[in-house]
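A.B. asks: missing the sequence, but the structure's below:
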């Protein structure tokens with residue numbers, strides 16, 4: 001796990017490129033405290049910051065050259081099957097035991113086709129000195145980020161936006177359509193970012209650029225096209241899921257440094273710990289909890305730790321201690337997000353215990369129908385007949401519902417009732433939307449951009465592969481392509497790498513994902529909390545974990561924003577309101593409504609505005 005930087009310039013200036021890469025690398029020092037490397041030649045310069053996880057020796061230094069000197073690599077991530085690839089590649093004059101060198105050898109042998117053979121999380125760049133071409137690629141699920149900026153004279157890329165900004169080449173201008181996207185969904189959906197001209201390479205895509213030719217971006221894998229479905233009994237599905245999940249966890253354990261696992265005490269993290277422990281390794285587990293029982297999951301984590309005899313670390317915080325870390329978390333945020341401080345705190349405590357790599361249960365809810373949206377989707381499909389009612393009648397019903405029970409949920413249901421057709425996919429874009437468009441029109445002076453999630457849903461429904469998926473798998477694809485990719489994974493990367501901690505996510509092993517997208521709804525339907533996952537694990541999980549209520553990492557943000565964080569929040573809200581994109585009076589009124597406990601004004605809407613203004617100020621965005 002590392003940080004990479006690079007510039008491909010049509011107007012080569014070796015001295016300037018070398019200096020700029022040095023500055024960009026410095027902006028990523030937190031990602032790679034173990035080593036730094038810079039290489040430049042003509043119009044290409046590559047930089048790297050290393051966090052040593054596999055082969056800790058100097059032989060793993062990057063930028064790394066192929067044995068014949070033709071290819072130069074910078075790489076962020078891990079290739080879990082590098083040993084088997086090394087065996088497939090046969091004779092190659094290796095100089096290290098690293099997965100980086102195996103990746104380089106694989107590209108030298110197979111070119112772009114190497115991507116289909118890789119199992120792991122990755123973002124990398126390879127320069128071909130013979131053809132003078134640049135190749136960039138990102139892993140299938142978007143676990144590792146790769147941002148880039150292109151103008152008439154250069155293509156710059158990096159693991160974080162802050163490195164691009166540090167170059168001085170990238171204008172720090174807000175992207176207005178992305179501002180609307182952020183206010184709708186507390187994030188900006190790939191490939192766009194909050195800044196004009198800065199994009200993120202889509203998951204499962206690669207980019208090629210050659211001098212004198214336009215940038216060529218192509219997909220090599222897609223969630224929309226898993227393997228053809230097969231017929232299995234429920235017991236056969238359970239056996240195959242357990243085998244695939246166990247294989248995923250075991251491959252994620254390859255490392256030459258101390259490692260552990262996040263253990264909340266929920267089903268997903270407990271399942272990961274169970275399979276780690278039964279694979280024969282001694283597991284270190286980490287749980288951040290609170291003295292107040294209403295916020296703490298510690299008792300559940302202890303149950304799992306005792307069953308699997310882990311080295312358990314319980315980091316108990318007072319809410320006030322967590323509160324004191326929030327400014328640090330905001331400073332570490334590379335791209336604004338409405339979430340993230342929770343991961344920051346867990347990662348900080350884990351790294352402080354000497355752990356360099358940790359496994360996480362992220363992805364379990366998306367794959368095993370753990371969110372409430374999956375139940376709602378099944379219910380909405382049964383309501384499709386309501387589409388036959390006149391829309392004006394349904395709109396009127398929505399207005400009555402909102403008037404009788406003014407809440408965010410009622411507002412969303414009113415919007416769903418007003419859709420041309422009612423169903424799970426037409427309703428999906430409202431699932432995680434924070435600000436409805438009618439409220440955004442009151443807050444903003446700029447026009448509302450196209451809804452990115454609605455656009456994607458329309459695109460997916462026109463794809464034959466997506467259409468063939470079971471309903472719950474369609475919702476899984478939607479969740480993984482939006483909220484998981486653009487909020488959860490982005491936050492996990494930026495908040496864990498702020499502490500030079502590598503986080504691995506075995507639920508997102510692409511073979512496991514492909515398998516689970518084939519599972520029929522009749523097998524997967526969530527009669528209980530992730531019932532198919534629980535049943536596949538047999539008696540591995542303690543009954544207390546299986547029966548417990550889903551809790552999450554709950555904190556009193558609403559109370560903090562009215563108390564200890566009130567000054568910070570008030571200042572940021574006032575500054576944001578004064579920016580030219582907003583109607584100042586409307587934003588300030590929203591803040592006052594929140595302070596006065598008006599119905600339908602959730603703390604999360606105000607918090608993501610606070611985060612946005614903090615980020616804009618920190619990066620001098622105009």
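C.D. replies: Happy to help now that I have it. Quick caveat, the model's predicted, so the values are computed rather than measured.
A.B. asks: Domain ranges for this protein, per the record?
C.D. replies: Domains of the chain are assigned by automatic domain parsing as 2-219, 234-368+499-547, 372-477, 557-618.
A.B. asks: so which of the ones you listed gets nearest residue 488?
C.D. replies: Closest approach to residue 488 among the domains of the chain (C-beta to C-beta): domain 234-368+499-547, 5.8 Å. All C-beta spots, glycine's among them, are computed from the backbone N, C-alpha and C.
A.B. asks: Do me a favour and get the end-to-end distance for the closest one?
C.D. replies: Start-to-end span of domain 234-368+499-547 (C-alpha to C-alpha, to the nearest Å) is 21 Å.
A.B. asks: Now do the buried residues in the host helix or strand of residue 109.
C.D. replies: Element membership for residue 109, per DSSP states H and E: helix 99-110. Residues of helix 99-110 classed as buried: 99, 100, 101, 102, 103, 104, 105, 106, 107, 108 (neighbour count, 16 or more other C-beta atoms under 10 Å).
A.B. asks: repeat for stretch 520-533
C.D. replies: Quick answer for stretch 520-533 (16+ other C-beta under 10 Å): 520, 521, 523, 524, 525, 526, 529, 530, 531, 532, 533.
A.B. asks: hmm, who's touching it?
C.D. replies: Contacting residues not belonging to stretch 520-533 are listed as 229, 234, 237-238, 241, 267-268, 271, 364-365, 368-370, 374-375, 378, 470-473, 516, 519, 534, 546, 550 [C-beta atoms under 8 Å, 6 or more residues apart in numbering].
A.B. asks: Longest helix in this protein, by number of residues?
C.D. replies: Ranked by residue count and defined by DSSP state H, the top helix of the chain is helix 234-251.
A.B. asks: re earlier: identify the farthest-apart pair in the buried residues of stretch 520-533.
C.D. replies: Farthest-apart pair in these is 520 and 529; separation 19.5 Å (C-beta to C-beta).
A.B. asks: after the longest helix of the chain, next one along is what?
C.D. replies: strand 259-262.
A.B. asks: That next one packs against which elements?
C.D. replies: Counting contacts by 3 or more C-beta pairs under 8 Å, 6 or more residues apart in numbering; DSSP states H and E, strand 259-262 packs against helix 267-278, strand 284-290, helix 341-352, strand 357-359.
A.B. asks: partners of it in the sheet?
C.D. replies: strand 284-290 (parallel), strand 357-359 (parallel) (DSSP bridges).
A.B. asks: how about TSV for those, with distance to residue 34 and mean pLDDT added?
C.D. replies: TSV is the format used below for those (distance: least, C-beta to C-beta, whole Å; pLDDT from 0 to 100):
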stretch	distance to residue 34	mean pLDDT
strand 284-290	21	86
strand 357-359	13	96
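A.B. asks: Save those as JSON lines, and put in distance to residue 312 and mean neighbour count too.
C.D. replies: Output for these, formatted as JSON lines (distance: least, C-beta to C-beta, whole Å; neighbours: other C-beta atoms under 10 Å):
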{"stretch": "strand 284-290", "distance to residue 312": "5", "mean neighbour count": "24"}
{"stretch": "strand 357-359", "distance to residue 312": "14", "mean neighbour count": "25"}
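A.B. asks: of all these, which lies closest to residue 542?
C.D. replies: Nearest of those (C-beta to C-beta): strand 284-290, 13.9 Å.
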